[in-house]
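Trainee: got a predicted structure plus its sequence, pasted below:
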Amino acid sequence: MATEAPPPEGSKDNHPAQPTTEAFLAEQSSAEFGELRRSYRSFAFPLTVAFVLWYLLYVLLSNYAGGFMGTKVFSNINVAFVFGLAQFLTTFLIAWFYSRHANAKLDPKAEAIKDRMEADA
Amino acid sequence: MSAAYHSHTAVTLAASSTSEHRPLIITLFAVFVAATLGITVWAGRQTHSASDFYAGGRQFTAFQNGLAVSGDYMSAASFLGIAGAIALFGYDGFLYSIGFLVAWLVALLLVAEPLRNSGRYTMGDVLAYRMRQRPVRTAAGISTIIVSIFYLLAQMAGAGALVTLLLGISSDSGKILIVALVGVLMIVYVTIGGMKGTTWVQMVKAVLLIAGALLMTLMVLWKFDFNVSDLLGTAAEKSGHGSAFLEPGLKYGATGTSKLDFLSLGLALVLGTAGLPHILIRFYTVPTAKAARKSVNWAIGIIGAFYLMTIALGFGAAALIGPKNIAAPGNTAAPQLAEYLGGTGTTGGAVMLAVISAVAFATILAVVAGLTLASSSSFAHDIYANVIRKGQATEKEEMKAARWSTVFIGAAAIVLGVFARDMNVAGLVALAFAVAASANLPTILYSLFWKRFTTQGALWSIYGGLASSVILVVFSPVVSGNEKSSMFKGVDFSWFPLENPGLISIPLGFLLGWIGSLLSKEEPDKGKYAELEVKSLTGIGAH
């Protein structure tokens, strides 16, 4: 079991490597970190705006376009249901999409910076 | 009038058929309580350091944590509250399921990983990172405790509904007794088991809840030959509302004001999750940010599957029992459905009712333990260790403070729970989401991503978001003015028309954080921001 062994006293949890503030300031303005930040923000921010708008569209249509949402698609399934289920589907897809990006693009960059800074600290 | 009559009928029906099976119900509850206490004692023996107590030693796997996150998140509101809201109001109840799920994307994309990388034990660690410690830690602690107490109220109301149905006690003393029992259990879980015990209880509960919901979903669908359209059609017919039951608007579509309430609720649901302290501290229980990401993905899968099943549970209750036989505010719909599926009046029915009620009880206890841990951690780590003792407290003293604050918060929850016992639990939880989205989320996001954010901005945002959301709730129909559903009956001091304050308080929280920073005389701490930004994206120096 993963929890069987408690970390010994004075483990990494209490004393992780801590570079100096100067090192952090230098790193923050480095090209390598700038690339990591850009790669993260340019992916996560627009995607967040997109899913919030997509969700608000659903809420607003539910509120102010009842007739449209009530349109039957087949037998008792109406547009409102299809819309609701589509929200589930897009949530699963976005989670997968982001994780794929993070695994492929963000993790290697972050790991490289972390290793370099830890070696210097 | 008719609602009162029907609620009486429903309760009596359930009570008459269950009274002879009461020993079975009590046995199942007792088995669960004994098993979780066993886990708690075992976990308590493994708890030596503060990192064990607050963060479970950070050794849980992504899957274990994903399960525990799901167990922490799917509260009585998800199970009893949503099923009830759908059973009574049809499609409008389904908004909760959608909002509660989509909200996880905010946590996944913006909050979980940076938080794991830069914090240690509490939400306050991240909120106060770049700021003057004492004022911001105090604000973070107060906000954590208030959000958690709102959330606790909902769980207590759920517990009250269960006991009414199960033991046929609609008397106040019975409800108060069960609320007190839940309160005592949560104190025991947290003081002895800490985060390790709480995590294991949440994992067990998640498995039980998914299994219970799946069993009921399959039984409901089986009754309709796995034809969802038939299920919906029957629900609509039984509801007396026809196809309107399957369309948005039954609860919120009546007036312009109620439509705004729907929008407000929708906003609070989607932005609240990533500001809930008891959810955020779960990300500290895994070793890395990558594991935190994976645990959110597991949680999205598990929680998404569960919320899809609320369609079958809610509409199933409407179709098979009928909204007229479900007492407002609907908290008993799921257990009533379970009894029906097993065969009302038969041993099968009693067994199903007992099993599903035990699952609901487990759900409540696991969430309550998570909430109590979050608030006592924040009190001990943010307020006691960093504000009162200015960072000079030893690990032992800090853990002792955490255990004592657990006792006080447990006691407060019992007292407040007594007042909330007649409210729909999904609605109550939505208030906690609104407070979290208004007071916590703006500061989390500004701290992580905006370099000009200052201490003053953080304080304005936390206190402004907190005060506006709580004050608007106090003067809303939730607290007074509605004879059927208000917390206090027979008085009316409400002037704010919406039940959920999010529409006003969330934008206000963001606005105040921005203005407070721009008007700040103090310059932002550039060095600290460099530390936070580099740490949050790379995990360098992470605990």
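Mentor: Nice, I can see it. Just so it is clear, the model here is predicted, and its values are computed rather than measured.

Trainee: give me the pLDDT value at residue 3.
Mentor: Just so you know, I chose chain A. pLDDT, A:Thr3: 42.

Trainee: wait, chain B was what I had in mind.
Mentor: For B:Ala3, the model assigns a pLDDT of 37.

Trainee: what do you get for the one 10 residues further on?
Mentor: Reported pLDDT at B:Leu13 in the predicted model: 43.

Trainee: wait, B:Leu448 touches B:Ala112, no?
Mentor: No. The pair B:Leu448 / B:Ala112 is not scored as a contact, 11.4 Å apart, by C-beta atoms under 8 Å. Glycine gets a C-beta too; all of them are placed from N, C-alpha and C.

Trainee: just how off-centre is the helix ranked longest in chain A within its chain?
Mentor: Scanning chain A for the helix with the most residues, using DSSP state H, yields helix A:31-64. A distance of 10 Å separates the C-alpha centroid of helix A:31-64 from that of its chain, computed with C-alpha atoms, centre = their mean, to the nearest Å.

Trainee: also stretch B:489-501?
Mentor: The answer for stretch B:489-501 is 23 Å, by C-alpha atoms, centre = their mean.

Trainee: that stretch: end-to-end distance?
Mentor: 21 Å (C-alpha to C-alpha, to the nearest Å).

Trainee: check which residues of it are buried.
Mentor: For stretch B:489-501, the neighbour count (16 or more other C-beta atoms under 10 Å in any protein chain shown) marks B:Ser494, B:Phe496, B:Leu498, B:Glu499, B:Asn500, B:Pro501 as buried.

Trainee: mind showing which ranges of chain A have poor pLDDT?
Mentor: For chain A, the stretches with pLDDT under 70 are A:1-15.

Trainee: thinking B:Glu533 is in contact with A:Gln28, fair?
Mentor: Yes. Under the criterion of C-beta under 8 Å, B:Glu533 makes contact with A:Gln28 at 5.8 Å.

Trainee: what's near enough to touch B:Val163?
Mentor: Neighbouring residues of B:Val163 by C-beta atoms under 8 Å, 6 or more residues apart in numbering or on different chains: B:Ile169, B:Gly174, B:Lys175, B:Leu177, B:Ile178.

Trainee: for B:Leu431, state which of those residues is nearest.
Mentor: Using C-beta to C-beta, B:Lys175 is the member of those that sits closest to B:Leu431, with 20.3 Å.

Trainee: the nearest residue to that closest one once chain neighbours are set aside sits in which helix or strand?
Mentor: What sits nearest to B:Lys175 in space, not counting adjacent residues and going by C-beta to C-beta, 6 or more residues apart in numbering or on different chains, is B:Gly160, at 4.1 Å. Using DSSP states H and E, B:Gly160 sits in helix B:133-167.

Trainee: what's the first helix or strand after that helix?
Mentor: Taking DSSP H and E, what comes next after helix B:133-167 is helix B:172-223.

Trainee: now A:Arg41: how far from chain B?
Mentor: 8 Å (C-beta to the nearest C-beta, to the nearest Å).

Trainee: quick one: B:Arg293 and B:Leu115 touch, right?
Mentor: No. Using C-beta under 8 Å as the test, B:Arg293 is too far from B:Leu115 to be in contact (11.3 Å).

Trainee: isn't B:Ala87 right up against B:Ala312?
Mentor: No. Counting by C-beta under 8 Å, B:Ala87 does not reach B:Ala312; the two are 11.4 Å apart.

Trainee: what sits against B:Leu105?
Mentor: A:Thr48, A:Phe51, A:Thr91, A:Ile94, A:Ala95, A:Tyr98.

Trainee: if we go to 7 Å?
Mentor: The contact partners of B:Leu105, taken as C-beta atoms under 7 Å, 6 or more residues apart in numbering or on different chains, are A:Phe51, A:Thr91, A:Ile94, A:Ala95.

Trainee: would you mind giving the residues you listed as TSV with neighbour count added?
Mentor: Below are the contacts of B:Leu105 laid out as TSV (neighbours: other C-beta atoms under 10 Å in any protein chain shown):
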residue	neighbour count
A:Phe51	20
A:Thr91	24
A:Ile94	21
A:Ala95	21
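
Trainee: nearest to B:Thr394, of the residues you listed?
Mentor: Among these, and counting by C-beta to C-beta, the member closest to B:Thr394 is A:Ala95, at 41.2 Å.

Trainee: secondary structure class for that closest one?
Mentor: helix (DSSP: H, G, I helix; E, B strand; the rest coil).

Trainee: which one's more surrounded, B:Ala87 and B:Ala312?
Mentor: Between B:Ala87 and B:Ala312, counted using other C-beta atoms under 10 Å in any protein chain shown, B:Ala87 has the larger neighbour count: 31 against 24.
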